[in-house]
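A.B. asks: Predicted structure and sequence below. I'll ask about it afterward.
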Amino acid sequence: MVLAVDIGGTKTSAALADRGDMLLCTETAPTRAAEGPAAVVSTVAGLAQRLLDGSPARLSGVGIGAAGVVNAVTGTIVSATDTFADWPGTPVAELVREALGDLLVPRAPVVVQNDVDAHAEGEHRHGAAAGAASALVVAVGTGVGAGLILDGSAVRGAHHVAGEIAHLPTPGAEHLRCPCGRMGHLEAIGSGIGLHAHFRWLGGDPHIIDARGVAAAAADGDPIAIRAVGESAAAVGRALAGAATILDPERIVITGGVPKIGDAWWTPMLSAYADDAIDALQSTPILPGELGDDAPLRGAAASAWRAI
């Protein structure tokens, strides 16, 4: 069996997985991102110990999906937002190998990739993108990310940033600052944090503290919340139309917490895509993900098995 890990900005999940990438058992803990790389790696090691629970079995490999831009060849973080203290430059694969020690079989591979690339691989192998020759898998949650699958493999790019749709300049976001420090990127309005920031910029209730609150207010008929949700979703739709024009994927899959808002999000997103996409792309399927939080873990498991 292998260890599959999903290191997110808020929580870290880990699971033991079999050769079919099925998750046998799962544990979750806070990421401790603000405490630095040692704390993040310690969390991974602690989850592995909890999963093995004193068993003499050892891990045949480790697959990790990590937040940030990742050099998947070396297992090192290239760059990241300031959510993670001192994360850029962290040799995650090396540190996790050292932390797990005797829990690993000799020469067990430790594979690290971007978390949304792991998400994309999970959906492509086992979920909504299964069977597609090419797929763009977009996660819209606390942040925004995307993974591109072509001929069964993740496309990384020359600088390890293929799929970083979060940083596409996006009409309607010019007044909002992206976590990268620049103005007007998709993540600044399309993410959960961006949705809430846009709601506040529109004059929304200051007592509503996050995107969940905005979604609840929209469901209750709050006109500013309805507008914020619609404009945030439309920004995602426009960005998808632009990405599809360049990449022409066979299928687009949308995952993450924000799309769970429901029709109030999906309808303006799909309408904006239809308004901006050229005729040849109007028929591109845009589907909800099928695996939920299991997607990055199953994708990470697949990467570990592939390296064995």
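C.D. replies: All right, it came through fine. Computed from a predicted model, the values in this text were never measured in an experiment.
A.B. asks: so what's the residue nearest the centre of the chain scoring on pLDDT?
C.D. replies: In the chain, the centroid-proximal residue (C-alpha atoms, centre = their mean) is Val116; its distance is 3.6 Å. Listed pLDDT for Val116 reads 91.
A.B. asks: I'd say it and Ala139 touch.
C.D. replies: Yes - counting by C-beta atoms under 8 Å, Ala139 is a contact partner of Val116 at 5.1 Å. For the C-beta atoms, the positions are set from N, CA and C on the backbone; glycine is no exception.
A.B. asks: Do me a favour and average the pLDDT over the particular helix or strand that has Ala235 in it.
C.D. replies: Assigned by DSSP states H and E, Ala235 belongs to helix 223-247. Helix 223-247 carries an average pLDDT of 97.
A.B. asks: Which strands and helices lie in contact with it?
C.D. replies: In terms of contacts (3 or more C-beta pairs under 8 Å, 6 or more residues apart in numbering; DSSP states H and E), helix 223-247 is packed against strand 134-140, strand 144-150, helix 187-190, helix 192-201, helix 211-219, helix 263-276.
A.B. asks: can you rerun that using 7 Å?
C.D. replies: strand 134-140, helix 187-190, helix 192-201, helix 211-219, helix 263-276 (3 or more C-beta pairs under 7 Å, 6 or more residues apart in numbering; DSSP states H and E).
A.B. asks: Run through who's touching the third one.
C.D. replies: Translated: helix 192-201. Applying C-beta atoms under 7 Å, 6 or more residues apart in numbering, the contact partners of helix 192-201 are 141-142, 175-176, 187-189, 206, 208, 210-211, 214, 224-225, 228-229, 231-232, 257-258.
A.B. asks: filter those to the buried ones?
C.D. replies: 141-142, 176, 187-189, 208, 211, 214, 224-225, 228-229, 231-232, 257-258 (16 or more other C-beta atoms under 10 Å).
A.B. asks: Show me what the mean pLDDT comes to for the helix or strand harbouring Ile77.
C.D. replies: Using DSSP H and E, Ile77 falls within strand 76-79. For strand 76-79, mean pLDDT rounds to 94.
A.B. asks: May I see the buried residues of stretch 121-140?
C.D. replies: 121-129, 132, 134-140.
A.B. asks: brain fart, stretch 173-185
C.D. replies: Buried, per 16+ other C-beta under 10 Å, within stretch 173-185: Ala173, Leu176, Cys178, Pro179, Cys180, Gly184, His185.
A.B. asks: Would you mind giving these as TSV with pLDDT, secondary structure and distance to Val92 added?
C.D. replies: Shown next, in TSV, are these (pLDDT from 0 to 100; DSSP: H, G, I helix; E, B strand; the rest coil; distance: C-beta to C-beta, whole Å):
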residue	pLDDT	secondary structure	distance to Val92
Ala173	94	coil	31
Leu176	96	coil	30
Cys178	92	coil	24
Pro179	86	coil	20
Cys180	85	coil	21
Gly184	96	coil	31
His185	96	strand	25
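A.B. asks: so can I have CSV of the residues you listed showing distance to Thr76?
C.D. replies: Output for those, formatted as CSV (distance: C-beta to C-beta, whole Å):
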residue, distance to Thr76
Ala173, 30
Leu176, 30
Cys178, 23
Pro179, 21
Cys180, 19
Gly184, 30
His185, 24
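A.B. asks: from the residues you listed, which is closest to Val78?
C.D. replies: Cys180 (13.2 Å; C-beta to C-beta).
A.B. asks: Show the contacting residues for the spatially closest residue to the closest one that is not a sequence neighbour.
C.D. replies: Once flanking residues are discounted, Cys180 sits nearest to His167: 6.0 Å by C-beta to C-beta, 6 or more residues apart in numbering. By C-beta under 7 Å, 6+ apart, the contact list for His167 reads Cys178, Cys180, His185, Glu187.
A.B. asks: can you pull out the strands in the stretch 1-150 of the chain?
C.D. replies: With strands called from DSSP state E, counting those that start in this stretch, the stretch 1-150 of the chain shows them at 2-7, 11-17, 23-30, 62-66, 69-71, 76-79, 110-114, 134-140, 144-150.
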